[in-house]
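Undergrad: starting from these lines, generate the structure:
(one chain, ligands or ions: 1)
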Amino acid sequence: MPLSEFPRPLDTATGHDAPEIRVAPPGPMSIAMSERLAHVECPAFGQRRSDRAEKIGVDLGPIVLASGRGSNVYDVDGNRYVDFAAGFGSVLLGHNATSSVRAIEGQAERLMQALGDVYSADCKISLLERLASLHPSGGAKALLTQSGSDAVTAAIKTAMLATKKPGLIAFEGAYHGMGYAALPACGLRESLRAPFGPQLNADVTFAPYPKGDADLDRTLSTVDAQLARGSVGAVLVEPILGRGGCVVPPTKFVAQLCDLAHRYDAVVIADEIWTGLGRSGSLVRSSAVGAAPDILCFGKGLGGGMPISACVGESDVMDAWARTTEVVHTSTHAGHPLACASAIATLDSIRFKQLVTRSRDIGLTFLELLCTHLEGANGFVEARGAGLMIGVELESGARAMRASRALLERGYIVLGGGIRGETLTMTPPLTIGEELLEPFCKTLRNVLDTID
Ligand SMILES: Cc1ncc(COP(=O)(O)O)c(C=O)c1O
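TA: Below you'll find the predicted structure:
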């Protein structure tokens, strides 16, 4: 089918419409396309889905997405969903936001590819200036990358150059991406790392991620003991655990971690790939809680749908790249003009539309609604989060998987998170219509009371 014939949302679609399920998902078009997919896509994804389906005894056949607008996505069978997953939290402005589309179209008419680190595009320079200004130190420098994993890789390499120490401290439950620098630091699940173990950095240790004030001392004393080994050059931390289940640590955690690491001349890398740019109700979560990490990583929503990420560090640390000859971290599409233009539009929209404040306020409303509607629901443990990064913990991973499937059948897209997959994770666009929140909470309550 030519691209022009794929369905688009009707002109009357607002982007904040309630779900509309015309045919039980997955509909016949989704099933047919998923069969084609299974023939050509690496089985990593399909196999995982079949294993899970078998475990919980529920059909997890996927839908295939055709189009999106605002908080809605449409599948190839014409079903309309409210998207609480929003591209793994990356759709900050809503699907196909006009500002992103215009920026990409405008840039496409001017220049679609520059020459990376050799001859930069003008828009790349503007973006770097804006990103540098996000760092609390004032005079920061930034390196553009393409995925979150790539930004974390750049940060880990920077720390290595700056400290000459290969050791890394990361946290249980953490997720930093699947590349070979980030993977050994993924405390989320051992099974993600194990098959590749012999090829990964062996000098990585994990500390418990503090869930509350009572855990903080244990975490910091574990980190202290690990730093005392002497080989640790970097501490990598998510200011809020994202995939690990939207765990909000004690407010002073990241600041105290920075103080501790600096005593041992280790670099602190705050992975703001999920929390940053308004998602957690602050532009930079670590700054909002009074911490000053050496390096910040941004990704996900930065590109407004385009793949771009950044490693932004204090000048002293980033200048380590200049103290060594012949080292670069670059790629053909680094600083890609379309992605840079879209990222500038994203940062502008976040500011002009005051989306950080909106995320904080509407996130609070959402959390309160969830707590009210889910109180006493079957298998409900707790709702938590910050801004529009909200987790609903259920008693088991199987229950969360059944709930997310039942939600899909009712027109809501929600992903599972948490170490055991026990947490439903809600990261809708920061522009989501407030009127969509309560119906979702009621549906979730109904789902929890009806599934096994
Ligand atoms: C905190 C965090 N860091 C890094 C990553 C990896 O990003 P990517 O999937 O773009 O490589 C993710 C992805 O979910 C993330 O949540």
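Undergrad: center of the chain - which residue?
TA: residue 274 (3.5 Å; Cα atoms, centre = their mean).
Undergrad: show me the contacts for that one.
TA: Shown in contact with residue 274 (Cβ atoms under 8 Å, 6 or more residues apart in numbering): 89, 238, 240, 242, 243, 280, 300, 389, 427. In short, each C-beta sits where N, CA and C put it, glycine included.
Undergrad: tell me how far the first one lies from residue 243.
TA: Meaning residue 89. Remark: distance between residue 89 and residue 243 (Cβ to Cβ, to the nearest Å) = 9 Å.
Undergrad: which SS class is the residue nearest to the centre of the chain?
TA: coil (DSSP: H, G, I helix; E, B strand; the rest coil).
Undergrad: give me the pLDDT for it.
TA: Listed pLDDT for residue 274 reads 98.
Undergrad: just residue 7 next, same as before
TA: Value listed for residue 7 in the pLDDT field: 64.
Undergrad: now swap in residue 1 and tell me
TA: In this prediction, residue 1 has a pLDDT value of 59.
Undergrad: now do residue 11, the pLDDT please.
TA: At residue 11, pLDDT is 70.
Undergrad: work out for me the element it sits within.
TA: According to DSSP states H and E, residue 11 maps onto no helix or strand at all.
Undergrad: count the residues that sit near it.
TA: 5 (other Cβ atoms under 10 Å).
Undergrad: other residues contacting the helix or strand harbouring residue 390?
TA: The secondary structure element spanning residue 390 is strand 389-394 (assigned by DSSP H and E). Defining contact as Cβ under 8 Å, 6+ apart, one finds that strand 389-394 is touched by 89, 240, 242, 245-247, 274-275, 279-281, 363, 366-367, 370, 374, 379-385, 400, 403, 417-418, 422-427, 444, 448.
Undergrad: in the protein, which helix is the longest?
TA: helix 355-374 (DSSP state H).
Undergrad: picking up where we left off before, return a PyMOL selection command for the buried portion of the contacts of strand 389-394.
TA: Applying 16 or more other Cβ atoms under 10 Å to the contacts of strand 389-394, the buried members can be selected in PyMOL as follows:
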select buried, resi 89+240+242+245+246+247+274+275+279+280+281+363+366+367+370+374+379+380+383+384+385+400+403+417+418+422+423+424+425+426+427+444+448
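Undergrad: which members of the contacts of strand 389-394 additionally contact the ligand?
TA: 242, 274 (Cβ under 6 Å from any ligand atom).
Undergrad: the residue of the chain found nearest the ligand - how many residues pack around it?
TA: Ranked by Cβ to the nearest ligand atom, the top residue of the chain for proximity to the ligand is residue 148, at 2.1 Å. Applying other Cβ under 10 Å, we find 27 residues neighbouring residue 148.
Undergrad: show me what contacts it?
TA: Contact analysis of residue 148 by Cβ under 8 Å, 6+ apart lists 176, 177, 182, 271, 273, 297, 299, 300, 309.
Undergrad: between those residues, which is closest to residue 101?
TA: Residue 101 lies nearest to residue 300 out of the contacts of residue 148, by Cβ to Cβ, at 18.6 Å.
Undergrad: give me the nearest residue to the closest one, chain neighbours excluded.
TA: Nearest non-adjacent residue to residue 300, counting by Cβ to Cβ, 6 or more residues apart in numbering: residue 90, 3.9 Å away.
Undergrad: residue 100 versus the one you found, what's the distance?
TA: Residue 90 sits 12 Å away from residue 100, going by Cβ to Cβ.
Undergrad: between the two, which contacts overlap?
TA: residue 305.
Undergrad: for residue 314, the count of nearby residues, please.
TA: Around residue 314 there are 21 residues (other Cβ under 10 Å).
Undergrad: can you report phi and psi for it?
TA: Backbone torsions for residue 314, taken as degrees, to the nearest 10, come to phi -50, psi 140.
Undergrad: what does the model give it for pLDDT?
TA: pLDDT recorded at residue 314 is 97.
Undergrad: could you give the bridge partners of it?
TA: Beta-bridge partners of residue 314, counted by DSSP bridges, are residue 140.
Undergrad: repeat that for residue 413.
TA: In beta-bridge terms (that is, DSSP bridges), residue 413 pairs with residue 83.
Undergrad: kindly report the same for the one 10 residues further on.
TA: For residue 423, the beta-bridge partners under DSSP bridges are residue 393, residue 417.
Undergrad: go ahead and confirm it touches residue 401.
TA: No - the pair residue 423 and residue 401 fails to qualify as a contact (Cβ atoms under 8 Å) at a distance of 11.2 Å.
Undergrad: overlap of the contact sets of those two?
TA: By Cβ under 8 Å, 6+ apart, residue 423 and residue 401 have these common neighbours: residue 416.
Undergrad: the ligand contacts on the chain?
TA: On the criterion Cβ under 6 Å from any ligand atom, the ligand has as its neighbours in the chain the residues 88, 147-149, 152, 175-177, 238, 242-243, 271, 273-274, 299.
Undergrad: domain parsing for this protein?
TA: Per automatic domain parsing, the domain ranges recorded for the chain read 3-83+354-450, 99-352.
Undergrad: residues contacting the nearest residue to residue 307 once chain neighbours are set aside?
TA: Spatial nearest neighbour of residue 307, chain neighbours left out: residue 146 (5.0 Å); criterion: Cβ to Cβ, 6+ apart. By Cβ under 8 Å, 6+ apart, the contact set of residue 146 is 307, 308, 309, 331, 333, 334, 336, 339.
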